[in-house]
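Novice: A structural model of the following input is requested.
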Amino acid sequence: MSDQEHAVTDEFERQPVPESALKGPGKFWGMYAGEHTAGTEFMIGPLFLAAGASIQDLILGLLLGNLLATLTWRFLVTPIAMRKRLTLYYQLERIAGGGAVKLYNFVNGVLFCFLAGAMVTVSASAVGVPFGVTFDVPENWYQLGSPAFTAIVLVVGAVIAAIACRGYEMVARVANIAAPWMIIVFAACGLVSYAQMKSGAPFTWDDAVSFVQAKKGVQQFGFWKIVIFGWLCNGAMHFGMADLSIFRFARDKSSGWAPAIGMFLGHYVAWICAALLLAAQIKLHQDTTANPGMLAWRAIGWTGIVCVIIAGWTTANPTIYRAGLAFQGMFPNSKRVTMTLLAGAIATVAGAFPTLSGKLLDFVGTYGTVLGPMGAVIFVDFWLMKKFHLRSEYAHATGSRFHPAALIAWLLPVIAGLYLIYAQGVFAAYLVIPCWLVCGLLYLGLSLATQKKA
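Specialist: Residues are numbered from 1 along each chain as shown. Take a look at the predicted model:
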C-alpha cells in the first residue's frame, strides 16, 4: 500500500505524519471556513441579541476578539504542530504517560461530543421544518424533544458520524465543497433580514433586544465580554492545542492563517447575520425562539433549510473526528474508525436534548476552561523544559506509564475554574487564560520538583 493510500485509512494516530501525507493550505482554509461558518453560527448569533448585546459592541468586539483568536492559532498551535506532527493525545501521552492522560482524553472526547451534539440538533431543526416538526428549548437539560424530533436527530447523527469516520481527508473535502456556498447564503440571510426589519413600521436592533428582554429578563453582554468570548469560545482548539491534530498535516506555515476565514466570515459576518434573522423574526412574528431551521426558512425558504442542514454537518464532522481521536488515545489498540463511530453515537444522543444547543454561550466557555489548560502543558514542555535543563516528553524518555505532573497541573486550576463558574457565577470564557497560565506554571514547578528528585 502506498503512503497516499495508507493515509486514507490510517490517520497516523501514533506516529508523525509523513511527508507524503502533508496537505497544502487550501485543505485548511476550506475546513475552517466550513467548520466555523456553520451550525454554531445559527445558534450563537441570535443568543447575542437575546443576551442584550448592542449592535455597535457586537461589530467592534467581534472584530478584536476574532483577530486575537486567529493570532493564537497561528503563533501558538501551528509551530508546535509542524515540528512534532503528532495528535494532541499522543503528544500528551509522551509527556505524561498513557495512564495519566486517560482521564483527560475521556473528558476531552465527551465535551467535543456534546459540542457536536448541539450541531446535530441544528441540522435536525432544519430537516424537521418541512414536516412541521420543530423544537423548543426546555427548561431542564434532561428533557428530550418530541418523539418525531428525536427520530430526525438519530438519522442526522448517523449520517454525520459515517462521514467523520472516513478521516481527515473526507472531513476536509466536505468542508471545501460546502463552505463557499454557505458563506453566500449567510450573507443573503443577513441582507434579507435587514430589509425585513427596515420595511414598514420603524424597527431597530434595540427594539428587538427590548422585546426579548421583556419576556426573558434583562441581561448585559458588553464590549469586553464580546471580545473575550470571540477570542476564547474556541479556547480548547487553540489554547488547548486540540488543533495540533489538524495542523500536523500542514505542509507550510501559511496554513496557520486558515482559521482567519472561519473567524471573520463565520464568527463575525455569520454571527451578525444570524442575529439579524432573530431580529427580523421578532418584528414579523413576535417570536423569540432561536430555532435555526425556522429562522432560515422564514428568511430565504428552501435555500435556508439546506444551508442549516449542511452548516450543522460541517461543524459536527471535524468535532466528531477530534473526539474519536481522543477516545482512540484512551485505547491505543482500538481502531480509530470504531472510536469515531462511538463519538458519533454519543453526539447523536446529546443532540436529542435541545437544551444543549440553547446554552452554547455558556457551554463553549466551560469546555474552553476545562480543556484549554492542558495546552499549557504542551507549550511548556515544547518551549521551556530544555531552558530549565529538564527532559521534555518525560514519560516517553523514561518509559514511564504514569508521570502525574501534567495531570495534577491540569486538574487543580480546572476544579477551581468550575467552582467559580457554577458556584460564583463567573462567565466561563473569562477563566480560560487564567487557568491556562496557572496550569503551565504548576507543570513547570512540578517538573522541577519531580525530575530533579528523580
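
Novice: contacting residues for residue 55?
Specialist: Contact analysis of residue 55 by CB atoms under 8 Å, 6 or more residues apart in numbering lists 205, 206, 272. In this view, the C-beta of every residue, glycine as well, is placed from N, C-alpha and C.

Novice: Highest neighbour count among those?
Specialist: residue 272 (20 neighbours; other CB atoms under 10 Å).

Novice: confidence score at that one?
Specialist: What the model reports for residue 272 is a pLDDT of 95.

Novice: Also residue 153?
Specialist: 94.

Novice: What is the neighbour count of it?
Specialist: 29.

Novice: Now do the helices in the stretch 201-350 of the chain.
Specialist: 205-216, 223-232, 244-247, 259-261, 271-285, 292-300, 302-330, 336-351 (DSSP state H, counting those that start in this stretch).

Novice: is it possible to export these to TSV including distance to residue 415?
Specialist: Below are these laid out as TSV (distance: least, CB to CB, whole Å):
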stretch	distance to residue 415
helix 205-216	32
helix 223-232	19
helix 244-247	25
helix 259-261	30
helix 271-285	32
helix 292-300	34
helix 302-330	20
helix 336-351	23
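
Novice: Just give the number of residues close to residue 216.
Specialist: 12.

Novice: Excluding sequence neighbours, find me the nearest residue to residue 278.
Specialist: Sequence neighbours aside, residue 46 is the residue nearest to residue 278 in space, at 3.8 Å (criterion: CB to CB, 6 or more residues apart in numbering).

Novice: follow-up on the earlier one: out of the helices of the stretch 201-350 of the chain, which gets the lowest mean score?
Specialist: Across the helices of the stretch 201-350 of the chain, helix 302-330 gives the lowest mean pLDDT, at a mean of 85.

Novice: Now it: buried residues?
Specialist: By neighbour count with 16 or more other CB atoms under 10 Å, helix 302-330 contains the buried residues 303-330.

Novice: what comes up buried for stretch 143-161?
Specialist: Neighbour-count burial for stretch 143-161 [16+ other CB under 10 Å]: 145, 149, 150, 152, 153, 154, 156, 157, 159, 160, 161.

Novice: Next: stretch 369-383.
Specialist: Under the neighbour-count criterion of 16+ other CB under 10 Å, stretch 369-383 has 369-382 buried.

Novice: Let's have those in CSV, adding distance to residue 72, pLDDT and secondary structure.
Specialist: Formatted as CSV, these follow (distance: CB to CB, whole Å; pLDDT from 0 to 100; DSSP: H, G, I helix; E, B strand; the rest coil):
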residue, distance to residue 72, pLDDT, secondary structure
369, 16, 96, helix
370, 18, 96, helix
371, 14, 94, helix
372, 11, 95, coil
373, 14, 96, coil
374, 15, 95, helix
375, 10, 97, helix
376, 13, 98, helix
377, 16, 97, helix
378, 14, 97, helix
379, 11, 98, helix
380, 16, 97, helix
381, 18, 97, helix
382, 15, 97, helix
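
Novice: The buried residues of stretch 143-161 in helices, which ones?
Specialist: Counting by DSSP state H, the buried residues of stretch 143-161 place 149, 150, 152, 153, 154, 156, 157, 159, 160, 161 in helices.

Novice: Residue 118 versus the closest residue to the second one other than its chain neighbours, what's the distance?
Specialist: In other words, residue 150. Nearest residue to residue 150, sequence neighbours excluded (CB to CB, 6+ apart): residue 352, at 4.8 Å. Between residue 352 and residue 118 the computed distance is 11 Å (CB to CB, to the nearest Å).

Novice: again with residue 192
Specialist: Relative to residue 118, residue 192 is positioned 25 Å away (CB to CB).

Novice: So for these two, which sits in the more crowded spot?
Specialist: In terms of neighbours (other CB under 10 Å), residue 118 is the more surrounded of residue 192 and residue 118; the figures are 28 against 19.

Novice: The more buried one contacts residue 360, correct?
Specialist: Yes - if you go by CB atoms under 8 Å, residue 118 and residue 360 touch, sitting 6.1 Å apart.

Novice: what's the overlap in contacts for those two?
Specialist: Joint contacts of residue 118 and residue 360 (CB under 8 Å, 6+ apart) are 40, 43.

Novice: coming back round to it: next, the residue nearest to residue 150: phi, psi?
Specialist: The phi and psi values for residue 352, taken as degrees, to the nearest 10, are phi -80, psi -10.

Novice: correct me, but it touches residue 155?
Specialist: No - using CB under 8 Å as the test, residue 352 is too far from residue 155 to be in contact (11.5 Å).
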